[in-house]
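Asker: need coordinates for the following:
(chains A and B)
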Amino acid sequence: MDDPKTPQSLFGPRVRLAPSPTGWFHVGNARTGLFNYLFARKNGGKFILRIEDTDKKRSNKKYEESILSGLKWLGIEWDEGPEKNGPFGPYYQSQRTEIYKKYLEQLLREGEAYYCFCSPKELEAQRADMVSRGLPPKYSGKCRDLPESIVKQNLADKKPSVIRIKMPNKVVKFRDIIRGEVEFNLDLLGDSVIAKSLNEPLYNFAVVIDDYLMKITHVIRGEDHISNTPKQIVMQELLGLPRPNYAHLPMILGPDRSKLSKRHGETSLTEYQKMGYLPEAMNNFLAFLGWHPLGDREIYTLEELIERFDLERVQKGGAVFNIKRLDWFNAQHLKLLNTDQLFDRIGEYLKNFSSNSQIIENYSPDYIKKVIELESPRLTKLSDFLEFSDFFFKEKIEYPKEYLKWKNIEEKEIVIVLNDCLSVLEKIKDKEFNRMNLQIKFYSFISEHDDYKQDKGKLLWPLRVALSGKKASPSPFEIAEILGKEESIKRVKEAIKLASS
RNA sequence: GCCCUCAUCGUCUAGCGGUUUAGGACGCCAGAUUCUCAUUCUGGUAACACCGGUUCGAAUCCGGUUGAGGGCGCCA
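Answerer: So this is what the prediction gives:
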């Protein structure tokens, strides 16, 4: 089936992300935005951001800010929209009421829409009644053919009213790029409300007008909108507007396979930033939620994703948001960064989101970079850095005495072992105090002592704990090199004190 | 209740009638390296929801069943 009058653009496709600022910008919004962006960039088109704030009661500036900052963080740049403007603005629906009014009046004039004076209570009762009788709940059409004189009188009397569309009794078909042919019987729908008044349009009406005026060629949105599509198509037909192409993306699901909600992943995108995730990892992860390029490769940059993106390869079924996989993507993207880049990223992260970032401030960039280099294979998130390596940035480290104990070695022995370590450390010259020398000296010491030869851990474990204060850390030689001779010896002496206490 | 959509390992997925003993990745479990942790490497675990039909041949096409999700707002 050929869709009638699909809008054409000489300058490539025009797509849009149309979130409503009534909740935090979450991964679902981000994924929809990403796919729109990828599609636009891949095909040399434009990506438009439109804020759907027709619901004045629920819209909130802070939510709008979370949309903008979320997209910016991901690097999903819009071509037209807030802070950018463009030839088809304004891009806030709340600033477009005059435009909608014109079309509303047209529909009213042509008899395709009408005023309805039924009370919400009345409607609620009807709906309940229909459901109880196993019928689809739809408006009775009571006000559909009200004589004009009564409508005028009611309006003059300021009787509460809304505007409804006259839903034709027919079957609407459309081709979805991802799903193929989709069919709806409009008879089941009833006349829906398209505006609360001439100055208060509702979603299903406003989108149609905006998508037309903004010359949107492809509507790429979540599957939760699929049943809105026939309504929107009817309005296009009634107004004689072209029909855009539709692509309904699969939902992102929570662990229990239900729609993402506050209960699970509907966390603001900013939260992921705070948790220490990389935007490039988030994009990569999100792209692979419901889409897959040809081949087995999984790690891609944004540019590479654009290169490969294709709506035809989008999955139909919903996808569970699995944070373990996000962690893996993040670790992989972290490994793509060199030490200088990590230094910048970690520094920026700590500055913005860490409460005790000041503990690294007294250390030189060189020193910090050495620590970063050492810890980098251990990092999953940016937040891991300070958590894993805080002992490099403390005058005094604290840890339980039991940590020093290797396997089932007796407590008295720990002091002896640590003194052995101390003697080896002290013999190494300042200039030669590097990991390689440390290792040579300690290994030769080990080879001279039978009990250490049998179990190197007996010597090395207490040393490592003395230096790091942790059960898990890099090797003692690597730590000691960065700490330096003086500090290393100081820490071993502290450990001896602790062990003999 | 009604409508729409979907259905391959626990999860993300490859597969678009024969090349498949169903491939990859995450996770998990072993092993190697090793003083610990991590990295890296090797191996393992585990799936075509079910029932019919079409066909020489079906995970792939068709029908039904079941299951899951979404929608049915004077929200978007």
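Asker: so which elements touch the helix or strand residue A:477 falls within?
Answerer: Here residue A:477 is covered by helix A:476-483, with elements defined by DSSP states H and E. In terms of contact count using 3 or more C-beta pairs under 8 Å, 6 or more residues apart in numbering; DSSP states H and E, helix A:476-483 is assigned the packing partners helix A:365-375, helix A:435-447, helix A:457-468, helix A:485-500. Just so you know, the C-beta spots here come from the backbone N, C-alpha and C atoms, and that holds for glycine as well.
Asker: tabulate those helices in TSV, adding columns for mean neighbour count and mean pLDDT.
Answerer: What follows is the helices and strands packed on helix A:476-483, written out as TSV (neighbours: other C-beta atoms under 10 Å; pLDDT from 0 to 100):
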stretch	mean neighbour count	mean pLDDT
helix A:365-375	18	97
helix A:435-447	16	95
helix A:457-468	24	96
helix A:485-500	18	96
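Asker: quick one: closest of those helices to residue A:244.
Answerer: Closest to residue A:244 of these, according to C-beta to C-beta: helix A:365-375, at 48.3 Å.
Asker: anything in that closest one near RNA strand B?
Answerer: No - judged by C-beta under 7 Å from any atom of the strand, helix A:365-375 and RNA strand B are separated, with a smallest distance of 8.6 Å.
Asker: and for stretch A:271-282?
Answerer: No - applying C-beta under 7 Å from any atom of the strand, one finds that stretch A:271-282 is not in contact with RNA strand B, the shortest distance being 12.3 Å.
Asker: what residues does the stretch 251-400 of chain A have near RNA strand B?
Answerer: The interface of the stretch 251-400 of chain A toward RNA strand B, taken as C-beta under 7 Å from any atom of the strand, is made up of A:251, A:253, A:256-259, A:288-292, A:294, A:296, A:298, A:313, A:315-320, A:322, A:324-325, A:327-328, A:331, A:335, A:377-378.
Asker: switch the cut-off to 6 Å
Answerer: A:251, A:257-259, A:288-290, A:292, A:296, A:298, A:313, A:315-320, A:322, A:324-325, A:328, A:377-378 (C-beta under 6 Å from any atom of the strand).
Asker: strands - which of the residues you listed land there?
Answerer: Members of those lying in strands (criterion: DSSP state E): A:319, A:320.
Asker: now, of the residues of the stretch 251-400 of chain A next to RNA strand B, which are buried?
Answerer: The neighbour-count test (16 or more other C-beta atoms under 10 Å) marks A:251, A:259, A:288, A:289, A:290, A:318, A:319, A:320, A:328 as buried among those.
Asker: just the pLDDT for the second one.
Answerer: According to the per-residue confidence, residue A:259 scores 84 in pLDDT.
Asker: skipping adjacent residues, who's closest to it in space?
Answerer: With sequence-adjacent residues excluded and distances taken as C-beta to C-beta, 6 or more residues apart in numbering, residue A:259 is closest to residue A:251, at 6.0 Å.
Asker: quick one, what contacts the one you found?
Answerer: By C-beta atoms under 8 Å, 6 or more residues apart in numbering, residue A:251 lies in contact with A:28, A:222, A:223, A:224, A:259, A:260, A:318, A:319.
Asker: and if we set it to 10 Å?
Answerer: Under the criterion of C-beta atoms under 10 Å, 6 or more residues apart in numbering, the contact partners of residue A:251 comprise A:28, A:31, A:222-224, A:257-260, A:290, A:317-320.
Asker: could those residues go into JSON lines alongside distance to residue A:108?
Answerer: Written out in JSON lines, the entries for those read as follows (distance: C-beta to C-beta, whole Å):
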{"residue": "A:28", "distance to residue A:108": "36"}
{"residue": "A:31", "distance to residue A:108": "38"}
{"residue": "A:222", "distance to residue A:108": "31"}
{"residue": "A:223", "distance to residue A:108": "33"}
{"residue": "A:224", "distance to residue A:108": "30"}
{"residue": "A:257", "distance to residue A:108": "44"}
{"residue": "A:258", "distance to residue A:108": "40"}
{"residue": "A:259", "distance to residue A:108": "36"}
{"residue": "A:260", "distance to residue A:108": "39"}
{"residue": "A:290", "distance to residue A:108": "41"}
{"residue": "A:317", "distance to residue A:108": "42"}
{"residue": "A:318", "distance to residue A:108": "40"}
{"residue": "A:319", "distance to residue A:108": "43"}
{"residue": "A:320", "distance to residue A:108": "46"}
